[in-house]
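Trainee: How does the following fold in three dimensions:
(one chain, ligands or ions: 1)
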Amino acid sequence: VILSPQHPLSAGRTGDSRLVRAYRGERPDTTPVWFMRQAGRSLPEYRDLRVGTRMLDACLDPAMASEITLQPVRRHKVDAGIFFSDIVVPVKLVGVDVEIQPGRGPVFGRGYADAAAVAELTSVDPARLDEASAPITEAVGRTIAELNETAPSGSRDASDSVGRSSTLGGGGTPLIGFAGAPFTLAAYLAEGGPSKDHLAARTLMHADPGAWRALMDWTAELTGRFLRTQVLAGASAAQLFDSWAGALSLADYEAQVAPASAKALSFVHDLEYGSTDASGTAVTRRVPVVHFGVGTGELLGAMHRIGVDVVGVDHRIPLDIAAERVGAGVPLQGNLDPALLAAPWPVLEAAVLDVLSRGRSAPAHVFNLGHGVPPETDPAVLTRVVELVHQ
Ligand code: 1CP
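Mentor: Numbers count the residues shown, from 1 in each chain. As a prediction, this is how the structure comes out:
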């Protein structure tokens, strides 16, 4: 499927941005940077806007979701926006009882930890999501309309030898779409809410492999459709968050989880756009996909093998070691320890430079944190980190 001519990738607005170039393995003029959870509670303008609106209502209000997505781009001059939403939004949109409780996270009306519960859940056709996705499509559309006009200065290489920047309609900041990977979503669904060890999901996968496969299959299609909607509406890259995959052994990950994650990504892998390569020859490219998880040092190779372009790495494993584990030729994203955002500047500065230096072990590197921005973070520190990375 070829993306529409108005899509920022097809229209040449984001295809040569620092972010998309790094995601396809090139080294742009400077390392691109964005932060997981860059939108949200660390920003006073976010806290102001959210007063009186519940989290999932904010996600489904296109004007609000778009504004929140844009806030950190305007403030920090990061190289990408990440769509303001949540991994449980598609579950909510097909009518499942779920809310996001402040300070806790997603909480379901019940847990889905046995065959009967899973059968009830999966009786809802995931294709119904497409009819309910209008708020997502509209929020992404509003967001890219503004992002098209907000390229951080120099974010496209001015010295492009084939003059693409000037011939293809100017720069724009890419929007990253995202979705939860089936396991991370299933960890919440099985438990009925947040948990530390995701025991209900890990038990179900062995206690009732049939029910587990049904749950993973359903979740994969639902979350894959959510991701596809965002890309069709204008996202220039996609990130699959398997935040809790680090709770699994490599064997369980490969046998019980990886196939469902690959199925989720099949909903975006067929989306293509026309571009030109460095010699000016016409090429067709796929939308770049990043795969991230927490505590996944042992899983990095397997997480790459499901068929992604970029592996996101948390702070527990240095990028040079991660580069060895994923194998040659794979761009990496990460991995400053979020705890260091509250450290004295000289300590933080040294840590940022260390991440950048280790990132040179990979063919390309997108600077990020090892996990999300802590809510108490001073936003001025994030802006300063962006400036340092860009220097
Ligand atoms: O009212 C609030 O501010 C609630 C806090 C909040 C926010 C800002 C939640 C509840 N979700 C979000 C937005 C969100 N969720 C984004 C926004 C875009 C950005 O990064 O700027 C993203 C990417 C997510 C994805 C998400 N939700 C993940 C994967 C990423 C990660 O952090 O590992 C997960 C695991 C969730 C579940 C979730 N939603 C919210 C919370 C507090 C949690 C985690 C709960 C837990 O610890 O289990």
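
Trainee: ok, the nearest residue to Gly192 once chain neighbours are set aside to the ligand distance?
Mentor: Leaving aside its chain neighbours, Gly192 sits nearest to Gly111 (3.2 Å; criterion: C-beta to C-beta, 6 or more residues apart in numbering). The way it works is simple: take the backbone N, C-alpha and C, and place the C-beta from them, glycine included. Separation of Gly111 from the ligand (C-beta to the nearest ligand atom, to the nearest Å): 14 Å.

Trainee: Do I have it right that Met36 meets Phe367?
Mentor: No. Applying C-beta atoms under 8 Å, one finds Met36 not in contact with Phe367, separated by 11.5 Å.

Trainee: Relative to the ligand, which residue of the stretch 101-250 of the chain is the closest?
Mentor: Relative to the ligand, the nearest point of the stretch 101-250 of the chain is Gly105 (2.7 Å; C-beta to the nearest ligand atom).

Trainee: And for that residue, the neighbour number?
Mentor: The burial count assigned to Gly105 is 15, neighbours taken as other C-beta atoms under 10 Å.

Trainee: So it sits against Gly193, correct?
Mentor: Yes. Using C-beta under 8 Å, Gly105 is in contact with Gly193, at 7.1 Å.

Trainee: Any idea how far apart the tips of stretch 278-296 sit?
Mentor: Distance across stretch 278-296, first residue to last, is 35 Å (C-alpha to C-alpha, to the nearest Å).

Trainee: Equivalent analysis for stretch 321-332, please.
Mentor: With C-alpha to C-alpha, one end of stretch 321-332 sits 11 Å from the other.

Trainee: Mean confidence (pLDDT) on it, please.
Mentor: Summarised as a single mean, pLDDT over stretch 321-332 is 96.

Trainee: Let's verify Arg285: helix, strand, or coil?
Mentor: strand (DSSP: H, G, I helix; E, B strand; the rest coil).

Trainee: Pull the contacting residues for it.
Mentor: Counting by C-beta atoms under 8 Å, 6 or more residues apart in numbering, Arg285 makes contact with 9, 15, 24, 272-275.

Trainee: ditto for Leu56
Mentor: Counting by C-beta under 8 Å, 6+ apart, Leu56 has contacts 86, 88-89, 92, 98-100.

Trainee: By neighbour count, which of those wins?
Mentor: Neighbour max across those (other C-beta under 10 Å) = Val89, 26 neighbours.

Trainee: Tell me how many other residues crowd the closest residue to that one other than its chain neighbours.
Mentor: The shortest distance from Val89 to any non-neighbouring residue, by C-beta to C-beta, 6+ apart, is to Cys59 (5.2 Å). The number of residues packed around Cys59, counting by other C-beta under 10 Å, is 24.

Trainee: The one 4 residues further on now?
Mentor: Taking other C-beta under 10 Å as the criterion, the count of residues near Ala63 is 10.

Trainee: One more: Thr281?
Mentor: For Thr281, using other C-beta under 10 Å, the count is 9.

Trainee: On the pLDDT front, check it for me.
Mentor: pLDDT, read off for Thr281, is 93.

Trainee: three-state assignment of Ile100?
Mentor: Once three-state DSSP is applied, Ile100 turns out strand.

Trainee: what's near enough to touch it?
Mentor: Applying C-beta under 8 Å, 6+ apart, the residues contacting Ile100 are 54-56, 86, 88, 106-107.

Trainee: Among these, which are located in strands?
Mentor: Members of the contacts of Ile100 lying in strands (criterion: DSSP state E): 106-107.

Trainee: how about TSV for the contacts of Ile100, with distance to Thr69 and pLDDT added?
Mentor: Formatted as TSV, these follow (distance: C-beta to C-beta, whole Å; pLDDT from 0 to 100):
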residue	distance to Thr69	pLDDT
Arg54	18	98
Met55	14	97
Leu56	16	98
Asp86	13	98
Val88	18	98
Pro106	20	98
Val107	24	98
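
Trainee: any chance of the contacts of Ile100 in a markdown table, with distance to Phe226 too?
Mentor: Below are the contacts of Ile100 laid out as a markdown table (distance: C-beta to C-beta, whole Å):
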| residue | distance to Phe226 |
| --- | --- |
| Arg54 | 19 |
| Met55 | 16 |
| Leu56 | 14 |
| Asp86 | 10 |
| Val88 | 10 |
| Pro106 | 14 |
| Val107 | 19 |
